[in-house]
Every structure is written in structure tokens, then in C-alpha cells.
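>>> sharing a model prediction with you, sequence too.
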Amino acid sequence: MTILRIEAVTFGVLDLDACTRFFADAGLEPVESGASGATFRTPEHQTVHLRLADDPALPPAVEPSPTLREIVWGVDTADAVASIATELQKDRAVRTDRGGTVRARDNTGFGIGFTVAAPVAADAGTPRRYNVLRNVNRWNEPVTAYRRPRPIRLLHVTLDIPKQGREEAIDFYISRLRFRPIDCVKDTGTFMQCEGDVEHHNLFLCFRPDKAGINHIALEVRDFDEVMEGGNYMVEQRWQESRVAGRHTLGSNIYRFFHSPAGGRIELAADMDRMDKSFETRVWEKNPGHHVWSLKSSGGSSG
Ligand SMILES: [Fe+2]
């Protein structure tokens, strides 16, 4: 069995209109919307489902609503989905819905699902070219603005988990679902890569806040400019930034974070590390720090 990527996330929300506006402003494509929910997707065809928090079809919430109710992981084959079901049945309730998606709960109580991945290879366009001294990559071509975010894909999910039982909660993903720890930070949590991907992390389980809940989902945009300009667009739409821009130490991703009306936050992220199989897990006794840099300002004009 090989888990390839995040296929879908589902939020149980209270203010469906605000959440629908939020994810549209964040640049995801609306697929459907109605009285009981809305669905968005990335160009790589991963989906974000918004459902009313009291929808009985949703897995129970691990914290007061609004919050994340389920992550569905995309798997390489139907046989692999079946073998995950067999594995999980050893110690927890598992059901398979009519569409073939296997559903269970992780140790913290988050809904988890497994389905055959249906990826679309999106075209991210030509990467921006940069000029440095005599290293000229962009002739006669001014830089134009992105103006708003257009995420390419759902990059990772960060979940808060309680300190009690943290080792088992993390080990569930590693031993049972074959995630690979990339960075184990003994006072914070573990960054994990799913077996079929190369991202620094697809999943980060963070026990530092000592609570269960959604921390954030990360949406990958193209580059530094799109993080900054996309973040500016979110500010203009009156969404609240939760953390000033910076570049993470672990993962190296450039980021801006915004509070989400669907629970937790979203991260606009770019240029995250990719780790192939030759990379060896790093173990940190203490957190090496959140950022390589973060934005500082002494005031001044934007004019
Ligand atoms: Fe993140």
C-alpha cells in the first residue's frame, strides 16, 4: 500500500457563507455549493469540503466547531485501500462507503479516510526567473503582479494532538500507515511524509499546544511573490493574518498564515523542502526555532 497524497479534507463549519467566501478568496476553485455545504478543489484535484457542523454524516469533532472533521488520503490502488482497511480493523472500527472509501478514526479522534487517488498534474506555469548581477535569466521582461493567490495544491495538514498518548498517536501513522518521519522534534511534534510523496511533510502532528484540534492546512503557491501578494489580497478582503510572513526552519517553506472561519488557519506556502529516500530522519532534542527569518518592520510608508 502506498499513500500518495492528501485527497480531501472536510470541515464542519458554522458560518457557511463566510467559509465559502474565505476559500474562494484563497483562490480555490468552487465545484459546488448549496444550503448544506460547499466543495472547492485545487488544480491537482484535491478537494476541500465544507459541511454544516451538525451534519450527522460527519465524523465527530475533536474540539468545538468549526473544525476539521476528516482527512482522506489518496492511495495508489484499490487493493492498497483494502489492505489499509484490513490493517486498521485490528484495533478500530472501519467502514467502507459505497464509493469504496475506507473510513476510520486516528488515535486523536480525527476522521481519516482512504481512497484511490485521482490526481491531475496541474501546470504551475514557468517558474519566475531571477536576475543576479551578470547571471541574467530575465531579459526585456518586467515582472508582473499575481495580485491574488491561486494555490496549486493542498500541501500539508498540521494537527494539534494532546501530549498524553502522543507517541502512540504519531506511531500510528508511521507503523500502521507507513508515513516516514522527516523531523522528530522531541518538545514539539513530528513532521511526516507519506510513502508516495517527496514533500518535507504532508502531515505534522504537533503536541506542543497539548490539545486536539486543527492547526492549519497549507496551500502551495508558486513562489515568494505569490505568498506575499496572495497574503496582501487576503488582508484586502479583511481576513485576519495570524502570523507575520517568514520562512520556516524545518521545511524551509515561505509562509503567511490566516485565521480560517472553518477552523484553524490556512498557510500560503511556497518553496518547501523536498526529501527523497536518501534523506535520513533528523531528531531534535529541542525545537530549532520556527523561522529562518520573519518580517520585521520599523514602520515606514508603502507609497
Ligand atoms: Fe505548515
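Everything's here; your move. Numbering: from 1, shown residues only.

>>> please identify which helix or strand holds residue 80.
In the assignment (DSSP states H and E), residue 80 maps to helix 78-88.

>>> buried set for that helix?
80-82, 84-85, 87-88 (16 or more other Cβ atoms under 10 Å). (Each C-beta comes from the backbone N, C-alpha and C, glycine too.)

>>> quick one: mean pLDDT for that helix?
The predicted model assigns helix 78-88 a mean pLDDT of 97.

>>> now stretch 119-127
Stretch 119-127 shows an average pLDDT of 90 in the prediction.

>>> same thing with stretch 145-163?
Mean pLDDT, stretch 145-163: 97.

>>> CA-only coordinates of that stretch in CSV, if you can.
Written as CSV, here are the backbone C-alpha positions of stretch 145-163 (Å, rounded to 0.1, in the frame of the first residue of the first chain):
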residue,chain,number,x,y,z
ALA,A,145,1.9,41.0,-10.3
TYR,A,146,0.0,37.9,-9.3
ARG,A,147,-2.5,40.1,-7.4
ARG,A,148,-4.2,37.2,-5.6
PRO,A,149,-3.4,33.6,-4.6
ARG,A,150,-4.1,30.7,-6.9
PRO,A,151,-2.9,27.7,-5.0
ILE,A,152,-1.7,24.7,-7.0
ARG,A,153,-2.3,22.1,-4.3
LEU,A,154,-3.0,21.1,-0.8
LEU,A,155,0.5,20.7,0.6
HIS,A,156,0.1,19.6,4.2
VAL,A,157,-2.1,19.4,7.2
THR,A,158,-0.9,20.2,10.7
LEU,A,159,-3.0,18.7,13.6
ASP,A,160,-2.7,19.5,17.2
ILE,A,161,-2.7,16.5,19.5
PRO,A,162,-2.6,16.1,23.3
LYS,A,163,0.7,15.4,25.0
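
>>> in that stretch, what counts as buried?
146, 148-162.

>>> can you tell me which of these are in strands?
Among these, the members falling in strands (DSSP state E) are 153-160.

>>> part of a helix, is residue 299?
No - under DSSP: H, G, I helix; E, B strand; the rest coil, residue 299 falls outside any helix and is assigned coil.

>>> what is the burial count for residue 256?
Residue 256 has 26 neighbouring residues, counting by other Cβ atoms under 10 Å.

>>> assign the closest residue to residue 262 other than its chain neighbours to helix, strand or coil.
What sits nearest to residue 262 in space, not counting adjacent residues and going by Cβ to Cβ, 6 or more residues apart in numbering, is residue 11, at 4.0 Å. What three-state DSSP gives for residue 11 is strand.

>>> now that residue 11 has come up, it's in contact with residue 52, right?
No - if you go by Cβ atoms under 8 Å, residue 11 and residue 52 don't touch, sitting 10.1 Å apart.

>>> which of those two has more residues huddled nearby?
Shown here are residue 11 and residue 52; by other Cβ under 10 Å, residue 11 has more neighbours (27 against 16).

>>> so residue 32 versus residue 41, what's the distance?
Counting by Cβ to Cβ, to the nearest Å, the separation of residue 32 from residue 41 is 10 Å.

>>> which one's more surrounded, those two?
For residue 32 versus residue 41, the count of surrounding residues by other Cβ under 10 Å is larger for residue 41: 19 against 10.

>>> residues near residue 10, how many?
By other Cβ under 10 Å, the residues close to residue 10 number 24.

>>> check contacts around it.
Residue 10 makes contacts with 48-51, 58, 68-70, 72, 111, as judged by Cβ atoms under 8 Å, 6 or more residues apart in numbering.

>>> helices or strands next to the longest helix seen in the chain in the packing?
In the chain, assigned by DSSP state H, the helix with the most residues is helix 224-236. On a contact count with 3 or more Cβ pairs under 8 Å, 6 or more residues apart in numbering; DSSP states H and E, helix 224-236 meets strand 241-248, strand 254-259, strand 265-270.

>>> if anything else comes up later, I'll come back, but that's it for now.
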